[in-house]
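In: Give me coordinates for this.
(chains A, B, C, D, E and F)
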Protein chains: 6
Amino acid sequence: MRPSGRETHQMRDVSIETGVTRHAEGSCMIRMGDTHVLCTATVDERVPSFLKNSGLGWVTAEYGMLPRATHTRMRREAKNGQSGRTQEIQRLIGRSLRAGVDRVALGERQIQIDCDVIQADGGTRCASITGGWVALKLAVNKLMKAGLITADPLVDPVAAISCGIYAGQEVLDLDYPEDSEAGVDGNFIMTAGKLVEVQMSAEGATFTRGQMDKLLDLAEAGITDLHRIQMEAVA
Amino acid sequence: MRPSGRETHQMRDVSIETGVTRHAEGSCMIRMGDTHVLCTATVDERVPSFLKNSGLGWVTAEYGMLPRATHTRMRREAKNGQSGRTQEIQRLIGRSLRAGVDRVALGERQIQIDCDVIQADGGTRCASITGGWVALKLAVNKLMKAGLITADPLVDPVAAISCGIYAGQEVLDLDYPEDSEAGVDGNFIMTAGKLVEVQMSAEGATFTRGQMDKLLDLAEAGITDLHRIQMEAVA
Amino acid sequence: MRPSGRETHQMRDVSIETGVTRHAEGSCMIRMGDTHVLCTATVDERVPSFLKNSGLGWVTAEYGMLPRATHTRMRREAKNGQSGRTQEIQRLIGRSLRAGVDRVALGERQIQIDCDVIQADGGTRCASITGGWVALKLAVNKLMKAGLITADPLVDPVAAISCGIYAGQEVLDLDYPEDSEAGVDGNFIMTAGKLVEVQMSAEGATFTRGQMDKLLDLAEAGITDLHRIQMEAVA
Amino acid sequence: MRPSGRETHQMRDVSIETGVTRHAEGSCMIRMGDTHVLCTATVDERVPSFLKNSGLGWVTAEYGMLPRATHTRMRREAKNGQSGRTQEIQRLIGRSLRAGVDRVALGERQIQIDCDVIQADGGTRCASITGGWVALKLAVNKLMKAGLITADPLVDPVAAISCGIYAGQEVLDLDYPEDSEAGVDGNFIMTAGKLVEVQMSAEGATFTRGQMDKLLDLAEAGITDLHRIQMEAVA
Amino acid sequence: MRPSGRETHQMRDVSIETGVTRHAEGSCMIRMGDTHVLCTATVDERVPSFLKNSGLGWVTAEYGMLPRATHTRMRREAKNGQSGRTQEIQRLIGRSLRAGVDRVALGERQIQIDCDVIQADGGTRCASITGGWVALKLAVNKLMKAGLITADPLVDPVAAISCGIYAGQEVLDLDYPEDSEAGVDGNFIMTAGKLVEVQMSAEGATFTRGQMDKLLDLAEAGITDLHRIQMEAVA
Amino acid sequence: MRPSGRETHQMRDVSIETGVTRHAEGSCMIRMGDTHVLCTATVDERVPSFLKNSGLGWVTAEYGMLPRATHTRMRREAKNGQSGRTQEIQRLIGRSLRAGVDRVALGERQIQIDCDVIQADGGTRCASITGGWVALKLAVNKLMKAGLITADPLVDPVAAISCGIYAGQEVLDLDYPEDSEAGVDGNFIMTAGKLVEVQMSAEGATFTRGQMDKLLDLAEAGITDLHRIQMEAVA
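Out: Numbers count the residues shown, from 1 in each chain, chains lettered A, B, ... in the order given. Below is the predicted model of the structure:
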């Protein structure tokens, strides 16, 4: 029924390859099926001005897509400025990752996460969060190894997965053909059994609380898998 | 317990005054406590290019805030460009309103909703959706009266309300003092007993499915009230 | 003869409602017929860098129009940047208000006036100046009450009115139908019997010194009325 | 008394050199003392879209200043965008020149005037208008010679001069040292004994109708001289 | 002597992996040592407006760098606009590739090359040209296979290599540590024994024609190797 | 054979008029045939932030063209931002001039060169470099006269000339009709017998090392002449 032949509760194959770029303090390439996102973490000892002398750290994120990551080429944002969609996504990534950070333990420094979509097939914001956390964790590990941080500010992993109602059926982890047809879709971000962010959205269709519950069940199971994959990647 | 002395399930006083501006095809001023938003609807017989010759209509929205709508003055967006937050809000308003539109019945025309915050005290995006629907409905009524539309493309109202966890308690309709302290908050958009959009977000805190259910209960009750107020306004 | 049926020397009904917004240090809604402008004053204890340590104060202004303040919707300036016309108007408002300010008495602080047109029917820049002065005065009164200023830096009111030659006749206070037809129009800004700014402009027609004198006569009488209304508003 | 030693009614030496650039349909370098402006006219057979099929012509203007035209270097507008002041000036130049144009006689074409200040010493907008008219006239002459226009759309010249109150005295044609000190200054634009535009502006000072009359007397005499110099230049 | 221990005439290890992205009509990842550039080719059946109905094709290029491709993070161009350096590089890539294209044989269509630097260690513009040609060739092959083009518009490969004077010595293929120290460096672009573009540039040092000849010798040998690697990649 | 009737090795008539603007520390108008560029030098005692407390000076350049410097009017960059071409040219001018500067001798100050094309007929970037050096030298002379610099930081002049292959023939100093037809053209920048920058570029054609040598021969002879004219101008 699903274009890919997957079961409704079946996530695409996920892999997280770490250390993929030479310069960043933390990096990984996350692949969820044909969606590939390069995530890097940059440690900056300066914080934004609103945090100066607060003793608190900050995590922020930027998101981009190569122009031909998609089926048809998109205009390059460097020429046209970031779209509203891009800004919305990078705000979401930053907010989600911060929800899993003990900002006192991080200390007064900033970690900048860059998520760049190399190839897109749906679910790029979720892959960015899941991979972004891995890059963040690797950078934090480096700071801890160097003795700059003593207590780990990242206790539990943060991961994200999309769900939606496709052809009347609740399904996990929509790929592009599903995403472009789904009447309802959403993104669920969780850490250690708790919710961090829920975004469900209908265009043209609406949904019941019963449907929402089923999507949450799917998401919880999927995120449990993702947390395991994240922990293996950073081990 | 709440700074305003309201009960946890108690919404602020809401009023919707229609016909507040002379030129727009539909208009209202919605007041939710000290949050005041002017909403106008403009009918445009041209549609965006991706809809040319499709027979389908479109509803879109823009959002703004007067610089001194807030406690301290914000920089004027006309001088600095729209922030990511503004773009995210106006995308949400447009998407939410479209979910309640039969775009075939609307016919190949666009209705542009402008939501301008005159005074802000929390919940401006929700007030914009609730008031925006009223302006939209008034413009549609005008089109129907003129015989340009025969079947009403807006069967049920779309309204929105915020909820959040303030001081450990689930509360309805956060004002600014609550909003700036809440560890979790969310916006719920509904039409006729169905969900249109759910956005829940944690910064620093996380939440359980149980808490989310309680917030949904609060929201459902609040939106039932808002739908009634909307229907009275457009009667 | 005039589309509104007014006499040539007759101003539209003017009202100034103060205290219309909760957060600003001074605010009013000025209504000149169907032209409605919301004016707010924001006190900022910092001055622009060219005035640092000068002991002198500053008054500046910004001007905007809601997209559907006009007969047909205008593009939102937050999306497209301020037009040349907008910049010209806000420079005029700031310059005019400053002409009535004793900048030593004001002390090294800035008052920012925001004039936002809620509904437009001609004469928005004049209404902005007249209402802007009221907002400014209210903010100054607050500073004086708080003992931050001892001598009133605003001795006489500054007000503005448009005049023009419509259908061959000198008329006071043009509304939009007149403004769009007038071959010559101008704005006159005065304080206590003295001129602050004169802007007369012809497109397609020219004018004699005799005509200009008649327009000045009309303006002087109109501004006398406006000054009285301003003083009543701030009393 | 004047820094330059000029009499109060004495204009600086004015020269207009035509044909200074090879490509433009009309061009001149106007020199008013140390203020030098290069004015070119470009004929474009297309009109702005609001004039398509109207049979009416259009004249528009753009204004710029070389970065080191001034005492201290200004930032290049190509890097930073046009300032509000620049936009205000170029709108004034276009509006003033159009007041002297019979747009039916011009026919459905546009003439673009570019005024670029090579060296600045006060009065650049006035020199731009006076020189801009010469460039415009030369371009029109070329069109007439080519038989593209039959009746001259420019019957009388348009010229501009500044006046102001410097050290308590009404003076004609302010140079930069006067301009930067004057409490009141203004620009007067005239054609054949009639006024086209009057702009008088006070910052810190105000002025009486009596003072304004004296400034107009000065301006009328100055513009009579400028008209003669313009006619000699285009002869 | 060279930081990498390479001989003066020794290029870094070069590999070109094709078909690295799913959507593009042609793609490769070129690796020159630690410089990695992802090159994609997009076929667009529309040409820029200046070529409409000319029968001629066009090849153009855009260049970007991921923010953390470099030792320290660079600001994201999507947020700040393309720098002058970026624009200069993408103009060079497009111009160089076009020099090897028979635009009649290509037919009236455009091929857009995107070169995105995933990791940078000097020589990114040269790698972009060399890899860009491979992506272009793969897209052309696809068009030929589909019968849309009959004669191959790309007869000989275009490749590029940098040379410079480092520590007084002419060296081939500068990496970042050399590039940042070299007093003279240049880029040489060649096709089939002929030069396409030569860019040599001194900052702080100058160079003789004798030195330039030696650099050209190095470049010719290097490009011969690159052409072989390109031909293997597209075979 | 050449449209102008010049010999292949013949440069256009060159003149350099100094002291052409009143305010700049150094200025000249360089005329190479019908290409006229106004060059000014501005001394700024502040350096860019990356040079603070380094003891080193800086020379930088900006380039512009009046809109009607060209055969058909170009859009004004102040309205549209600097094109990639403009940025590339001004980077080249700055880099070339710096190659002839002893930055220790200059001391920690910046000299800003502005090159504004008043009339264009090919070769504007070369004229800008040659004239820019003259403006720079005049400003340096002023600093030396004032005792602010003791050793001359500009020992030898920097000049530039274009060459190209026009109608199969190597020619010196292309004018616009040649430039727009040439298959290969280049810019050569030299100081005292040494090369500073070589830029050769083919669009549609390619070239051999033999042809490049001939172009270098032409350029060397031309630049010898330019150096003589520069030294006469600054004498």
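In: make it CA atoms for all contacts and neighbour counts henceforth
Out: Will do.
In: what ranges do the helices span in chain A?
Out: Ranges of helices within chain A are A:77-80, A:84-98, A:103-106, A:124-145, A:176-179, A:209-234, based on DSSP state H.
In: any idea which of those helices is most buried?
Out: helix A:124-145 (a mean of 25; mean count of other C-alpha atoms under 10 Å in any protein chain shown).
In: That helix vs chain B: in contact?
Out: No - using C-alpha under 8 Å from any C-alpha of the partner chain, we find that helix A:124-145 stays clear of chain B, coming within 14.4 Å at best.
In: So out of everything in chain A, what residue is nearest chain C?
Out: Nearest residue of chain A to chain C (C-alpha to the nearest C-alpha) works out as A:Gly84 at 11.5 Å.
In: Just the endpoints, please. Distance across stretch A:106-115?
Out: End-to-end distance for stretch A:106-115: 21 Å, by C-alpha to C-alpha, to the nearest Å.
In: what sits opposite the residue nearest to A:Ile16 when sequence neighbours are not counted in the beta ladder?
Out: Computed as C-alpha to C-alpha, 6 or more residues apart in numbering or on different chains, the closest residue to A:Ile16 that is not its neighbour in sequence is A:Ile30, at 4.4 Å. Note on A:Ile30: beta-bridge partners by DSSP bridges are A:Ile16, A:Val37.
In: before we move on, back to that, if I look at the residue of chain A closest to chain C, what pLDDT would I see?
Out: Model confidence at A:Gly84, expressed as pLDDT, equals 92.
In: again with A:Ile229
Out: 98.
In: Contact partners for it?
Out: A:14-16 (C-alpha atoms under 8 Å, 6 or more residues apart in numbering or on different chains).
In: in chain A, which segments are predicted with low confidence?
Out: For chain A, the stretches with pLDDT under 70 are A:204.
In: For chain A, what lies in contact range of chain B?
Out: When proximity is defined as C-alpha under 8 Å from any C-alpha, chain A approaches chain B at A:84-85, A:87-88, A:95-96, A:98-101, A:193-209.
In: What's the nearest residue in chain A when you look at chain F?
Out: Closest point on chain A to chain F, by C-alpha to the nearest C-alpha, is A:Lys79, at 11.5 Å.
In: Nearest residue to the middle of chain A?
Out: A:Ile129 (1.3 Å; C-alpha atoms, centre = their mean).
In: What are the buried residues along stretch A:62-73?
Out: When burial is assessed from 16 or more other C-alpha atoms under 10 Å in any protein chain shown, stretch A:62-73 yields the following buried residues: A:62-70, A:73.
In: Out of these, which is nearest to D:Asp175?
Out: Among these, A:Glu62 lies closest to D:Asp175 (C-alpha to C-alpha), at 51.9 Å.
In: tell me the contacts of that closest one?
Out: A:90-91, A:93-94, A:112-115.
In: try A:Lys142
Out: A:Lys142 neighbours (C-alpha under 8 Å, 6+ apart): A:Glu25.
In: rerun that using 10 Å as the cut-off
Out: Shown in contact with A:Lys142 (C-alpha atoms under 10 Å, 6 or more residues apart in numbering or on different chains): A:25-26, A:43, A:136, A:148-149.
In: ditto for A:Asn141
Out: Contacts of A:Asn141 (C-alpha under 10 Å, 6+ apart): A:25-26, A:135, A:147-149, A:152-154, A:234.
In: so, if you compare those residues, which one comes nearest to B:Glu220?
Out: Taking C-alpha to C-alpha as the measure, B:Glu220 sits nearest to A:Leu154 out of those, at 35.5 Å.
In: That closest one reaches A:Gly100, doesn't it?
Out: Yes - if you go by C-alpha atoms under 10 Å, A:Leu154 and A:Gly100 touch, sitting 6.2 Å apart.
In: where do the contact lists of those two overlap?
Out: Jointly contacting A:Leu154 and A:Gly100 under the rule C-alpha under 10 Å, 6+ apart are A:Trp133.
In: Pick out whichever of these two has more residues nearby.
Out: More neighbours surround A:Gly100 than the other of A:Leu154 and A:Gly100, with 24 against 21 (other C-alpha atoms under 10 Å in any protein chain shown).
In: isn't that one right up against A:Ile129?
Out: No - using C-alpha under 10 Å, A:Gly100 is not in contact with A:Ile129, being 11.5 Å away.
In: which ones are touching the closest residue to chain E within chain A?
Out: Going by C-alpha to the nearest C-alpha, chain E is nearest to A:Ala78 of chain A, at 3.6 Å. With contact set as C-alpha under 10 Å, 6+ apart, A:Ala78 has these partners: A:64, E:62-64, E:76-83, E:86.
In: Let's see that with 6 Å instead.
Out: A:Ala78 makes contacts with E:77-78, E:81-82, as judged by C-alpha atoms under 6 Å, 6 or more residues apart in numbering or on different chains.
In: Check those residues and tell me the two furthest apart.
Out: E:Ala78 and E:Gln82 (7.5 Å).
In: What's the local residue count around A:Thr208?
Out: By the criterion of other C-alpha under 10 Å, A:Thr208 has 12 neighbours.
In: Distance of it relative to B:Thr208?
Out: Taking C-alpha to C-alpha, one finds A:Thr208 at 19 Å from B:Thr208.
In: what's the nearest residue to the residue of chain A most remote from its centre if we skip its chain neighbours?
Out: Here chain A reaches farthest from its C-alpha mean at A:Asn53, the gap being 29.6 Å by C-alpha atoms, centre = their mean. Nearest residue to A:Asn53 in three dimensions, chain neighbours excluded: A:Glu108, at 7.6 Å (C-alpha to C-alpha, 6+ apart).
In: Surely the one you found and A:Gly57 touch.
Out: Yes - here A:Glu108 reaches A:Gly57: they are 4.3 Å apart, a contact under C-alpha atoms under 6 Å.
In: The two: which is more packed in?
Out: Counted by other C-alpha under 10 Å, A:Glu108 and A:Gly57 do not tie: A:Gly57 has more neighbours, with 24 against 20.
In: what residues are up against that one?
Out: Each residue near A:Gly57 by C-alpha under 6 Å, 6+ apart is listed here: A:103, A:106-110.
In: can you tell me which of the residues you listed lies nearest to A:Ser4?
Out: The closest of the contacts of A:Gly57 to A:Ser4 turns out to be A:Gln110 (C-alpha to C-alpha; 40.1 Å).
In: That closest one touches A:Trp58, doesn't it?
Out: Yes - between A:Gln110 and A:Trp58 there is a contact at 4.7 Å, judged by C-alpha under 6 Å.
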